[in-house]
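# Sequence first, then the predicted structure, then my questions.
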Amino acid sequence: MSDLAQRVQELNLRFLLISFTDLFGIQRAKLVPASAVAGMARDGAGFAGFAAWLDLSPADGDVMAIPAAASLTPLPWQPEVGWVAAELQLNGQPMEQCPRRLLRRQLERAAALGFELRSGVEAEFFLLDPSGERIADGADTQEKPCYDQLALMRRYPLIAPLLEAMEALGWGPYQADHEDANGQFEVNWTFADALTTADRHAFFKVMVKSLAEQQGLRASFMPKPFAALTGNGCHTHLSLWGAAGSAHAGRNLFHDPAGALGLSTLAYQFLGGLLAHAPALSCLTNPTVNSYRRLAAPPTSSGATWSPGGISYSGNNRTHMVRIPDSQRLELRLPDGAAHPYLLQAAILAAGLDGIEHQLDPGPRHDNDNYADPLSSERCGRLPGSLGEALEAFAADTALRQALGEDFCRAYERLRRRQWDEHRSEVTPWERCTGLDG
């Protein structure tokens, strides 16, 4: 009996969702009865790849999703069903465009250098009515609704089971709050190795949406669903630790009491990689047309967008792209709610390792309020203003492409360029309103 089949039996699961996350971050799955799990663990579940967002054609053979047994997670709201992340094969060979495999390759690259990436994400989401047009809570109208206790407790019937589910799964949730936009929430859980965080991030999106649907709500991680409100970020906390078997195994290599703000030279080199590759990185951390409604947006109704306006870093200052909240980690504030759970971690690690390998200098720290007193273009690099600009930066970043693999980069770029071209061909209601009678 396979390890996966044995675990399914031990957990008394009746069914298994064998799931992969396609290049656009959409989870695809097959529901498999427990009796068939052993065969699926060996051969994988078959999918027609062209039917998902993969760079394939109808003429390609079956994509086989091979489940990763270590990721098996029972659905807390449907305990007879388990979820397992899978990696993709085509014609018996691993697919280079498989996001989870891409992350594992970056982690192996880091391990060869003696590093392990540990990370955590702050996955913000809106709770909307089923149409998605309006915030579900009609009483959530404060100008500054962040941390509003009453609005938080009105969603207690959803947030409490969500926290309980995460506790049961051993994630270590430690807080939930109402975020800066009306109808916006966030639940935080303990950081872990990057693959575990990515698996949990993928499952978290499914869990939030499923529990919300049970209550007649719609959960959305869309970066900027409402023009006047703060968008959904996915701030990512990062530290490199000594890999198993290395001389510094189990030690946080970003921490150095003698370094500036308590961080090591290694941490600043990693930071240098994030800054140097930020324009291309945006193509993966901010992957949709809507992502660029959030970046460098005008002030929202609460007074601040909480998103970066340029390529800069600071201490404990939330107006820059990278924040150094303490002497243990970096916080990358660039990613948004559309960020792919696996590609997010893979791209960040690839950029950071390039910074270490080339000993990149992040330059001076800036402690200004970058909203009220923004840095000039001479002192602060510019982030892409659209998905089209991000795609151009991604196409030109040879170091990042080499690290991620050209097969993946071409596949991802083709699909996103098609999406960008479709967007550019659309005639919007705003255009008709302002130009029909011109």
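Sure thing, it's come through.

# domain parsing for this structure?
3-95, 105-433 (automatic domain parsing).

# can you put those in CSV and add mean pLDDT?
As requested, the domains of the chain are exported to CSV (pLDDT from 0 to 100):
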stretch, mean pLDDT
domain 3-95, 97
domain 105-433, 97
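
# Okay, buried residues for the top strand by length along the chain please.
Taking DSSP state E as the criterion, the chain has its longest strand at strand 78-90. Across strand 78-90, burial judged by 16 or more other C-beta atoms under 10 Å covers 82-90. (Each C-beta comes from the backbone N, C-alpha and C, glycine too.)

# so what secondary structure elements neighbour that strand?
For strand 78-90, the packing partners by 3 or more C-beta pairs under 8 Å, 6 or more residues apart in numbering; DSSP states H and E come out as strand 15-21, strand 62-67, strand 73-75, helix 99-112, helix 194-214.

# How many residues are close by Gly303?
Using other C-beta atoms under 10 Å, Gly303 has 12 neighbouring residues.

# show me the contacts for it.
Listed by C-beta atoms under 8 Å, 6 or more residues apart in numbering, the contact set of Gly303 reads Lys144.

# How about the secondary structure of it?
With DSSP: H, G, I helix; E, B strand; the rest coil as the basis, Gly303 sits in coil.

# re earlier: make JSON lines out of the helices and strands packed on strand 78-90 and add distance to His358 and mean neighbour count.
Below are the helices and strands packed on strand 78-90 laid out as JSON lines (distance: least, C-beta to C-beta, whole Å; neighbours: other C-beta atoms under 10 Å):
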{"stretch": "strand 15-21", "distance to His358": "31", "mean neighbour count": "24"}
{"stretch": "strand 62-67", "distance to His358": "35", "mean neighbour count": "22"}
{"stretch": "strand 73-75", "distance to His358": "38", "mean neighbour count": "20"}
{"stretch": "helix 99-112", "distance to His358": "14", "mean neighbour count": "20"}
{"stretch": "helix 194-214", "distance to His358": "21", "mean neighbour count": "21"}
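
# can you redo those as CSV with distance to Leu404?
Shown next, in CSV, are the helices and strands packed on strand 78-90 (distance: least, C-beta to C-beta, whole Å):
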stretch, distance to Leu404
strand 15-21, 16
strand 62-67, 20
strand 73-75, 27
helix 99-112, 7
helix 194-214, 15
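
# Out of these, flag the one nearest Tyr342.
helix 99-112 (3.8 Å; C-beta to C-beta).

# hang on, Arg28 in a strand?
Yes: counting by three-state DSSP, Arg28 falls inside a strand.

# ok, and the closest non-adjacent residue to it?
Distance criterion C-beta to C-beta, 6 or more residues apart in numbering; nearest residue to Arg28, sequence neighbours excluded, is Ala52 at 4.9 Å.

# who's in contact with that neighbour?
Contacts of Ala52 by C-beta under 8 Å, 6+ apart are 22, 26, 28.

# redo that, cut-off 10 Å
Listed by C-beta atoms under 10 Å, 6 or more residues apart in numbering, the contact set of Ala52 reads 20-24, 26-28, 63, 88.

# next one: Pro161
Taking C-beta under 10 Å, 6+ apart, we find Pro161 in contact with 76-77, 207, 211, 214-215.

# Next: Leu56.
So Leu56 contacts 47-50, 63, 90, 95, 97, 411 (C-beta under 10 Å, 6+ apart).

# same thing with Asp421?
Gly388.

# before we move on, what SS does it have?
For Asp421, the assignment made with three-state DSSP gives helix.

# From His366, how far off is it?
Using C-beta to C-beta, to the nearest Å, Asp421 is found at 37 Å from His366.

# Equivalent analysis for Gly242, please.
Distance from Gly242 to His366, by C-beta to C-beta: 31 Å.

# what's the answer for Glu108, then?
For Glu108, the distance to His366 equals 35 Å [C-beta to C-beta].

# What of His235?
Taking C-beta to C-beta, one finds His235 at 18 Å from His366.

# same deal with Gly39?
In this view, Gly39 and His366 are 57 Å apart by C-beta to C-beta.

# Between these two, which is the more surrounded one?
Comparing Gly39 with His366 by neighbour count (other C-beta under 10 Å), the higher total belongs to His366, at 17 against 13.

# Spell out the residue ranges of the helices in the protein.
3-10, 37-43, 99-112, 149-154, 156-168, 194-214, 265-276, 278-285, 291-294, 341-357, 387-396, 398-404, 406-425, 429-435 (DSSP state H).

# just checking, what packs against the second one?
Translated: helix 37-43. Where contact means 3 or more C-beta pairs under 10 Å, 6 or more residues apart in numbering; DSSP states H and E, helix 37-43 is packed against helix 3-10, strand 15-21, strand 27-33, strand 62-67, strand 78-90.

# State the distance from Lys224 to Pro145.
With distances taken as C-beta to C-beta, Lys224 is found 17 Å from Pro145.

# Please apply the same query to Ala276.
The value you get for Ala276 to Pro145, if C-beta to C-beta is used, is 37 Å.

# How about Gln359?
Noted for Gln359: a distance of 44 Å to Pro145, by C-beta to C-beta.
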